[in-house]
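> no FASTA, just this:
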C-alpha cells in the first residue's frame, strides 16, 4: 500500500500461512492495516474505515511531509492450484484513489467495475459483509444484532450474496417484463379493436377502387371518342381559318391599293390647289396694282392741276411763323427741282438740306421721286420767279399720270388670262375633291369588310384555341400513347349511361378511406410484431421465473447446507471456549410476513442455566460472538481472517482459550490478529510491529517467531 492513511510510502506486508500478529502502541496505525484491507475490498462506507468522507483515507501530511495526492492498496492472493474464480497462480486486487477525482478498481492490472470486483471477492469468501474482517466493534455489533442480521452473516458465509443479487435483479427484470407484457397486451387489444373497422373500410375502399377503375376505363373510351371528334373539328376549323385568312389578305390588298390611289389623288389635289392659290394671288395682286395705278394717276392729275392753278396766282410773302404744308408747297414753286433716284436717295438729300439750314421738299408720286430745295439759306430770302418750278412739277405730274394710265392698261390685258387660270384650277380641285370623297367611301367600305373578315378570323382562331385546350385536357386524361377512337353517338351515350350507373354505385358506398388498406396492412403488421414481442416477453418472463425459482432453490439449499455446517462448528467452538458448556443456533420465525427466518444464538456456560446472551457477562458475550464468528469461518473458508482486538474484553483464562482456538484452526486458515495482549502474541508464527515516529508516519517491522519457539522447545 502507498499513500493510505499513515502509510505515505510504499509498504509491503507479507502474510504467510499460520497466525500473524500485528502489535503496536495506541495510535501507531496498526488498525490502518485492517482498514486498508477493507478499503481495497471495495468498501464505500466511511464509517467502516473510521473516516468521515472518502478522501480521508489519503495521507493528510505531516511536519516536513506534504499530503498525498493519491493512494493505492493492492491485495495479492496466492493461488498455486489455479482454482476458480480466476485460473491464475496469483490474483491481484487493487484500488486507487486520486484527490478530487474518481477511484479505480483493477484485477490483475485490468480496470474493472466495482460490481465486478465485489462479485469476485464474494466468490473468494470476502463478500460485502466482510465476516472475515472482525474488529472489537464488530463483536459488539454481532452481540446486539437481530436474528435477521445474524442470518445475513450466515448467508454471506454461504456466498449467497451473489445469488441473492442475481435473484433481485431477476425479480426487478421480472417485474419490468411483466409490466411490458401487460402493456403489450393492452396495445395488442387496442390494435385488434382498430383492425375490424379498418378491415371494413379497406373492403369498402377496395370496392370503390374497383368501381373507380371501371369508371376510368369507360371515361378513357369516352375521352378517346372526344379526341377523335376534336381532331375532326380542328381539321374543319383549319379550313375555315385558311379561308378567313385569304379573305382578310384580299381585303388588305384592295385597301392598300385604294390607299395608294388616294395618296396620289391627295398629292395631285395639293398641287392643283397650290397652282390655283398662286393664280388667285397673282390675279389679286394684278387687280390691286391696277387700282393703285388708277388712284395714283388721279392724284397725279390733281397735283398737276393744282400746280398749274398755283402758277396763275400771285406769290405771297412767307410769314414769320413756321409755314404750313400748303405754304411750303406754294413756296416750292419757286425752288429748283430735280428727280431723285429713289425714296432713300431723296431722304438723304432732304437731310443734307436740313443740315445746311435750307428749305426743301421731297415729293413721291406714281413711282417717281422729286426733290426741291431753296438755293440759299433761310436768312437771305431768295428772289423767286413765279411759275418756273411749279410748271415743271405740273408737267412731271402729268407724265406720271400718263405712265400710270399705261400701266393700268397693261394690267387689264393680263387679267383675263389670270382669271381663266383661276377658274381652271378651281374646276380641277373640285374634280379631285369629288374623287377623294368617292375614294373615302370606298375605303370605309373596304375597312368595314376587312374588320368583318378579321373578326371572322379571330372567332375561328378563338374557337381553334378553345378546341386545342380541350384537346390537351382530353390527352392529359388519357393514358400515354392511347389513340383516338371513333364512336357513334349511340355508343357514346351508352358509355355515359354506364358511367352514371357506376358513379351512383360508388356514391352509395359513402365516404371511403382510400388509405384504409394501407392502414389495415400496417396495423396488421404491427399486430404481428406486437404478438411476436409479447410472446418473446412471455418467454422471457417464463425464463426469468424459472431463473428466480432456481436461484431461490439455490439460496435455500446453500443456506441450509451452510447453516448446518455453521451450527455444527458453533457447537465445536463453544466446547473449546466454554469447557463443559453448550451452545446452539436456533432458527426463529420472522417478525413480519414475507421475511425469512432469523438466527438466534443460545449459550449455556458450565454450571449455569442461563441461555440468553443478554444475561451473560461481558467476557462470555465476547466468547459467544467469537464462537459464532469462528463457526462462520469454518463453514466457509476464506483466504484469510483478520481479527482486530476482538479479545480485548477477555481475561487471561479466556485469552488462553482464544489462543488455543487460534492454534487449533491455524492449519485450516490464515489468521491476522491485531492485539495488545501478550498471551495472544505467544500464538504468533510471525510478529509485525507497527510504530509511528514524531513525523506521524507508520513503520512496519516483522519477526518470525516459529523458529525461535522450536529452538526453545529443543
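Here it is on my side, so go on. All values derive from a computational prediction rather than experimental measurement. Residues are numbered from 1 along each chain as shown.

> so residue 677 sits against residue 651, correct?
No: look at residue 677 against residue 651 with CB atoms under 8 Å: they stay out of range, at 10.3 Å. No exception for glycine: its C-beta is placed from N, CA and C like everyone else's.

> higher neighbour count, those two?
Set side by side, residue 677 and residue 651 show more neighbours around residue 677, with 19 against 11, by other CB atoms under 10 Å.

> tell me who's in contact with the more buried one.
With contacts defined as CB atoms under 8 Å, 6 or more residues apart in numbering, residue 677 is in contact with 647-648, 655.

> could you dump those to a markdown table with distance to residue 694, secondary structure and pLDDT?
Supplementary listing: the contacts of residue 677 in a markdown table, determined by distance: CB to CB, whole Å; DSSP: H, G, I helix; E, B strand; the rest coil; pLDDT from 0 to 100:
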| residue | distance to residue 694 | secondary structure | pLDDT |
| --- | --- | --- | --- |
| 647 | 31 | coil | 79 |
| 648 | 27 | coil | 77 |
| 655 | 33 | helix | 84 |
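
> pull out the buried residues from those residues.
Buried members of the contacts of residue 677, counted by 16 or more other CB atoms under 10 Å: 647, 655.

> residue boundaries of the helices in the stretch 351-500 of the chain?
In chain order, the stretch 351-500 of the chain shows helices spanning 388-477, 489-508, with DSSP state H, counting those that start in this stretch as the criterion.

> lowest-confidence stretch among the ones you listed?
With a mean of 71, helix 388-477 has the lowest mean pLDDT of the helices of the stretch 351-500 of the chain.

> quick one: the strands in the stretch 101-250 of the chain?
Counting by DSSP state E, counting those that start in this stretch, the stretch 101-250 of the chain has these strands, from start to end: 104-107, 110-112, 133-135.

> of those strands, which stretch is the most buried?
Most buried of the strands of the stretch 101-250 of the chain by mean neighbour count (mean count of other CB atoms under 10 Å) is strand 133-135; its value is a mean of 22.

> just want the angle from whatever helix or strand residue 291 lives in to helix 489-508.
For residue 291, the host element (DSSP states H and E) is helix 160-311. Direction vectors for helix 160-311 and helix 489-508, defined by axes from the mean of the first three to the mean of the last three CA atoms, to 10 degrees, enclose an angle of 130 degrees.

> tell me what helix 160-311 is packed against?
If you count contacts as 3 or more CB pairs under 8 Å, 6 or more residues apart in numbering; DSSP states H and E, helix 160-311 packs onto helix 114-123, strand 360-365, helix 388-477, helix 489-508, helix 516-577.

> can you list the weak-confidence ranges in the stretch 151-300 of the chain?
The model of the stretch 151-300 of the chain has pLDDT under 70 over residues 206, 208-209, 220, 223, 227, 265-266, 268-279, 282-287.

> go through stretch 637-657 and flag the buried ones.
Residues 638-647, 649-650, 654-655, 657 are the ones in stretch 637-657 that count as buried (16+ other CB under 10 Å).

> what about those residues, which are in helices?
Among these, the subset assigned to helices under DSSP state H consists of 654-655, 657.

> can you put these in TSV and add distance to residue 38?
Rendered in TSV, the data for these read as follows (distance: CB to CB, whole Å):
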residue	distance to residue 38
654	27
655	25
657	27
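
> which residues does residue 90 contact?
Going by CB under 8 Å, 6+ apart, residue 90 touches 76-79.

> what about 10 Å?
Neighbour list for residue 90: 76-80, 82, 108 [criterion: CB atoms under 10 Å, 6 or more residues apart in numbering].

> which of those count as buried?
Under a neighbour-count criterion of 16+ other CB under 10 Å, the subset of the contacts of residue 90 counted as buried comprises 77, 79.

> of the contacts of residue 90, which one scores lowest on pLDDT?
residue 82 (65).

> count residues in the vicinity of the spatially closest residue to residue 301 that is not a sequence neighbour, would you?
Using CB to CB, 6 or more residues apart in numbering and skipping the chain neighbours, the partner closest in space to residue 301 is residue 401 (4.8 Å). Residue 401: 22 surrounding residues under other CB under 10 Å.

> and for residue 305?
If you count neighbours by other CB under 10 Å, residue 305 ends up with 13.

> I'd say it and residue 393 touch.
No: counting by CB atoms under 10 Å, residue 393 is not a contact partner of residue 305; they are 11.6 Å apart.

> which element, helix or strand, includes residue 672?
Taking DSSP H and E as the criterion, the element that holds residue 672 is strand 671-674.

> which strands or helices does that strand pack on?
When contacts are defined as 3 or more CB pairs under 10 Å, 6 or more residues apart in numbering; DSSP states H and E, strand 671-674 packs onto strand 19-23, helix 31-40, strand 641-644, helix 652-665, helix 678-681, strand 686-692.

> for that strand, which strands pair with it and how are they oriented?
As defined by DSSP bridges, the strand partners of strand 671-674 come to strand 19-23 (parallel), strand 641-644 (parallel).

> comparing those by mean pLDDT, which bottoms out?
Going by mean pLDDT, the lowest-scoring of the strands paired with strand 671-674 is strand 641-644, which has a mean of 82.

> still on that earlier bit, and which of the contacts of residue 90 is nearest residue 184?
Proximity of the contacts of residue 90 to residue 184, judged by CB to CB, is greatest for residue 108, which lies at 43.9 Å.

> quick one, phi psi at that closest one?
phi 50, psi 40 (degrees, to the nearest 10).

> what's the answer for residue 64, then?
According to degrees, to the nearest 10, the main-chain angles of residue 64 amount to phi 80, psi 10.

> related to what we said a few turns ago, mind putting the helices and strands packed on strand 671-674 into TSV with distance to residue 187?
Converted to TSV, these look like this (distance: least, CB to CB, whole Å):
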stretch	distance to residue 187
strand 19-23	64
helix 31-40	50
strand 641-644	56
helix 652-665	62
helix 678-681	69
strand 686-692	67
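
> which one of the ones you listed lies nearest to residue 94?
The minimum distance between residue 94 and the helices and strands packed on strand 671-674 falls on helix 31-40, with 6.9 Å, by CB to CB.

> next structured bit after that closest one?
Tracing the chain C-terminally past helix 31-40 and defining elements by DSSP H and E, one meets strand 70-78 next.

> and the following helix or strand past that following strand, which strands flank it?
Downstream of strand 70-78, the first helix or strand assigned by DSSP H and E is strand 90-98. Strand pairing for strand 90-98, determined by DSSP bridges: strand 70-78 (antiparallel), strand 104-107 (antiparallel).

> any idea of the mean pLDDT in strand 90-98?
Per-residue scores along strand 90-98 average to 89.

> buried residues in that strand?
Counting neighbours by 16+ other CB under 10 Å, the buried set in strand 90-98 is 91, 93-98.

> and for residue 468, the neighbour number?
By other CB under 10 Å, 13 other residues sit near residue 468.

> spatially nearest residue to it (excluding sequence neighbours)?
With CB to CB, 6+ apart, the residue lying closest to residue 468 is residue 234, at 7.2 Å.
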